[in-house]
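**Q** Next come a sequence and a model predicted from it.
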Amino acid sequence: MPRTGRQIIMERLNKAIQTATTGDLQRAAIFLESAREVRAGCTKQRASSRRAQTNAWKKKTDSSITW
């Protein structure tokens, strides 16, 4: 059974962890945490842009008129 990309990367990461110093591990952990925050921020920004685009037509209508 072929390995998935995630499995290959996890094996590579485990090999690197075995030879890494504590400082290396700390810097790597900080980098991964900040990468997740950046990705989450990008996702939030894209979602809000989509919502704004979906509701943009409402700006051009007169909402005071009732039918």
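**A** Yes, it's here.

**Q** what's the longest helix in this structure?
**A** helix 22-54 (DSSP state H).

**Q** got the contact list for the residue most central in space within the chain?
**A** In the chain, the centroid-proximal residue (Cα atoms, centre = their mean) is Arg39; its distance is 2.3 Å. By Cβ atoms under 8 Å, 6 or more residues apart in numbering, the contact list for Arg39 is empty. Every C-beta, even on glycine, is put in place using the N, C-alpha and C of the backbone.

**Q** and the longest helix of the chain, how far out from the chain's middle?
**A** 4 Å (Cα atoms, centre = their mean, to the nearest Å).

**Q** Give me the average confidence score over that helix.
**A** Averaging pLDDT along helix 22-54 yields 91.

**Q** Report the buried residues of that helix.
**A** When burial is assessed from 16 or more other Cβ atoms under 10 Å, helix 22-54 yields no buried residues.

**Q** how much space between the residue nearest to the centre of the chain and Leu32?
**A** As for Arg39, its distance to Leu32 is 11 Å (criterion: Cβ to Cβ, to the nearest Å).

**Q** do Gln7 as well
**A** Separation of Gln7 from Leu32 (Cβ to Cβ): 18 Å.

**Q** measure Glu33 to Ala40 for me?
**A** 11 Å.

**Q** Same check on Glu11?
**A** 27 Å.

**Q** And Arg6, by the same measure?
**A** Note on Arg6: its distance to Ala40, by Cβ to Cβ, is 19 Å.

**Q** quick one, phi psi at Ala20?
**A** phi -80, psi 150 (degrees, to the nearest 10).

**Q** Can you report how many residues lie near it?
**A** 14 (other Cβ atoms under 10 Å).
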